[in-house]
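> I'd like to go over a predicted model; first the sequence, then the structure.
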Amino acid sequence: MDETIFYGESVEERIKRRFSESSTNRNMDSENPFYVGDLGEIHRQHMKWKSLLPRIEPFYAVKCNPDPLAVKYLASLGVGFDCASKTEMEQALYSGADASRIIYAQPTKQLSFLKYAHQNNISLMTFDSQEELLKIKNSYPEAKLVLRILVDDTHSAIPLGRKYGAPIQTVESLLHIAKNLKLNVVGVSFHVGSGCTHANAFYHAIARARDVFDQAKSIGFSFDLLDVGGGFNESTITSDKGATFEDVAKVLGPTVDEMFPSNNVRVIAEPGRYYVGGPAYTLCVGIVGRRTIEEGQTRKYMYYLNDGFYGSFLMPTLDKIKLNPKVLRKDGKYYYDHVLKDEKTYPCTIWGPTGCSLDCVIKDGKLPELNAGDWLYFEKFGAYSVTAATTFNGFEKPDMIHVNSFKE
């Protein structure tokens, strides 16, 4: 990863600089795919969060995109971190976050990771089972525990309740067990599912959390933390694919104030794709080969990229995200953010670079006639893309370069 940040440069200017550098630097592979991360977009998203949800502290979900420079930048802005493993906790601490700004939001924890959290004073963590309470009692009895409850997540792209979350009928028993074990349960968390499509899902989840707060009080606990989880989309998502951040904020902010009016209750959230799923990341991929298929009067092309299903496109493909490739460079000319006028398009299939026939990026596409050496780009490609990429068949993950377009 290139840790140089170019301030004031646009994404287009940085892309051109990248190609210029690769043509003159013998140590740089000019055919490698690469991301351009704009830290300025992340900054603008953070400012929007503070404006629309001032009471709720964002704890960035590192799993969404662990780009080291982005994590460091978020830490510098005062953002907390939602971590699920030792590696993610290490990264958050290394990036400058205090242990108090980290939640170990993994209801079922590996014992060695739990010990690492203990050694580094990362005390805030979730649980949803009796077995986890016993594990924590033996390894980290001073921890500040947050009960993750099951809520309705059917209105989401990826429901999580099949795996995590205590059913409401088990809550009383779990709280009594925690009380008998003399463990410090401090609050409630939930997750409405990744890519929430209905803002009202947060209303119903918060209402359930309010009931659990009241139930805990009757047992002798005094909760002071509410974690409203993730599921936040960015602002430009279309209404048929999900609720925009603005839609959610209109419901979430007032509902929190209505049901938890006391300032003694700290409220946090775990946004991931909200920060990095919009314009913050652009993926640039090169065409390394082409095959022409003539079928009667119809010409089709098969394009082979330097990145594919086993790389950056793994999670977007599984999420069934509609991919929209755009021409970046053709015959040596740049077309970033420009439409190729009067260019005839042809049916095409776009393949990744591996030897596996499942490595198909787009089955039925339409593009102008392109050649090996031309480049495409995919916008809004920072969420669950590079983080899930593999090195299957020996193909390396894309490089990462950065700009910062934020201006005070």
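Okay, I see it. Numbers count the residues shown, from 1 in each chain.

> which residue ranges form the helices in the chain?
Secondary structure of the chain (DSSP state H): helices located at 11-24, 39-52, 68-76, 86-94, 111-119, 130-139, 171-180, 200-219, 245-259, 273-276, 314-318.

> what's near enough to touch Ser313?
To be clear, residue 313 is Phe; Ser isn't right here. Neighbour list for Phe313: Asp307, Leu323, Gly352, Val361, Ser385 [criterion: CB atoms under 8 Å, 6 or more residues apart in numbering]. (Each C-beta comes from the backbone N, C-alpha and C, glycine too.)

> what separation do you get for it and Phe381?
Distance of Phe313 to Phe381, computed by CB to CB, to the nearest Å: 9 Å.

> could you do Glu3 as well?
Using CB to CB, one gets 20 Å for the distance from Glu3 to Phe381.

> give the residue spans of the stretch 151-300 of the chain that score low on pLDDT.
Applying pLDDT under 70 to the stretch 151-300 of the chain flags the ranges 153, 156, 159, 161, 236-242.

> compare Glu3 and Phe381 (neighbour count), which wins?
Phe381 (27 against 10; other CB atoms under 10 Å).

> point to the residue nearest the middle of this structure.
Here the mean C-alpha position of the chain is nearest to the C-alpha of Cys64 (CA atoms, centre = their mean), at a distance of 2.5 Å.

> dump the residue contacts of that one.
Gly272, Arg273, Tyr275, Val276, Gly277, Ala383, Tyr384, Thr387.

> beta partners for the residue nearest to Leu225 when sequence neighbours are not counted?
Counting by CB to CB, 6 or more residues apart in numbering, Gly187 is the residue found nearest to Leu225 once chain neighbours are left out, at 3.0 Å. As for beta bridges, Gly187 partners with Val146, Leu225 under DSSP bridges.

> tally of neighbours for Gly187?
Gly187: 24 surrounding residues under other CB under 10 Å.

> note down every partner strand of the biggest strand by length in the chain and its orientation.
With DSSP state E setting the assignment, residue counts place strand 281-295 as the longest strand in the chain. Strand pairing for strand 281-295, determined by DSSP bridges: strand 34-38 (antiparallel), strand 298-305 (antiparallel), strand 375-378 (antiparallel).

> would you mind finding the most buried of these?
strand 34-38 (a mean of 25; mean count of other CB atoms under 10 Å).

> between that strand and helix 11-24, how many degrees?
With axes from the mean of the first three to the mean of the last three CA atoms, to 10 degrees defining the directions, strand 34-38 sits at 140 degrees from helix 11-24.

> work out the gap between strand 34-38 and the centre of the chain.
From the chain centre to the centre of strand 34-38 is a distance of 15 Å (CA atoms, centre = their mean, to the nearest Å).

> so what touches it?
Residues contacting strand 34-38 (CB under 8 Å, 6+ apart): 11, 14-15, 18, 67, 69-70, 279-284, 312, 381-382, 386, 398-405.

> what do you get if the cut-off is 7 Å, keeping everything else the same?
11, 14-15, 18, 67, 69-70, 279-284, 382, 386, 398-403, 405 (CB atoms under 7 Å, 6 or more residues apart in numbering).

> what's the mean pLDDT across that strand?
Across strand 34-38, pLDDT averages out at 97.

> ditto for stretch 386-401
pLDDT averaged over stretch 386-401 gives 93.

> likewise stretch 97-109?
pLDDT averaged over stretch 97-109 gives 97.

> now that stretch: how far from the chain's centre is it?
Mean-position distance between stretch 97-109 and its chain equals 16 Å (CA atoms, centre = their mean).

> quick check: buried residues in that stretch?
Ala97, Arg101, Ile102, Ile103, Tyr104, Ala105, Gln106, Pro107, Lys109 (16 or more other CB atoms under 10 Å).

> against Val79, how distant is the second one?
When distances are taken as CB to CB, Arg101 and Val79 turn out to be 8 Å apart.

> same question for the third one.
If you measure Ile102 against Val79 using CB to CB, the figure is 11 Å.

> can you tell me which of the helices of the chain is packed in deepest?
Greatest average neighbour count among the helices of the chain goes to helix 273-276 (a mean of 27), per mean count of other CB under 10 Å.

> give me the contact list for that helix.
Ile42, Gln45, Tyr60, Cys64, Asn65, Ala70, Phe232, Asn233, Glu234, Phe245, Gly382, Ala383.

> stretch 131-149 too?
107-108, 111, 114-115, 117-118, 123-128, 164-166, 168, 171, 174, 177-178, 181, 183-190, 208-209, 212, 225, 227.

> chain center to that stretch, what's the gap?
Centre-to-centre, stretch 131-149 and its host chain are 26 Å apart (CA atoms, centre = their mean).

> got the CA coordinates for it in PDB?
What follows is stretch 131-149, C-alpha atoms only, in PDB (Å, rounded to 0.1, in the frame of the first residue of the first chain):
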ATOM      1  CA  GLU A 131     -21.800 -20.100  27.700                       C
ATOM      2  CA  GLU A 132     -20.300 -16.700  26.800                       C
ATOM      3  CA  LEU A 133     -21.000 -15.400  30.300                       C
ATOM      4  CA  LEU A 134     -19.200 -18.300  31.900                       C
ATOM      5  CA  LYS A 135     -16.200 -17.800  29.500                       C
ATOM      6  CA  ILE A 136     -16.000 -14.100  30.400                       C
ATOM      7  CA  LYS A 137     -16.400 -14.800  34.100                       C
ATOM      8  CA  ASN A 138     -13.300 -17.100  34.000                       C
ATOM      9  CA  SER A 139     -11.200 -14.800  31.700                       C
ATOM     10  CA  TYR A 140     -12.300 -11.200  32.100                       C
ATOM     11  CA  PRO A 141     -14.700 -10.800  35.000                       C
ATOM     12  CA  GLU A 142     -14.200  -7.000  35.100                       C
ATOM     13  CA  ALA A 143     -15.500  -6.600  31.500                       C
ATOM     14  CA  LYS A 144     -18.300  -4.200  30.700                       C
ATOM     15  CA  LEU A 145     -20.900  -6.400  29.100                       C
ATOM     16  CA  VAL A 146     -23.500  -5.500  26.500                       C
ATOM     17  CA  LEU A 147     -26.400  -7.900  25.900                       C
ATOM     18  CA  ARG A 148     -27.000  -8.400  22.200                       C
ATOM     19  CA  ILE A 149     -30.700  -9.000  21.600                       C
END
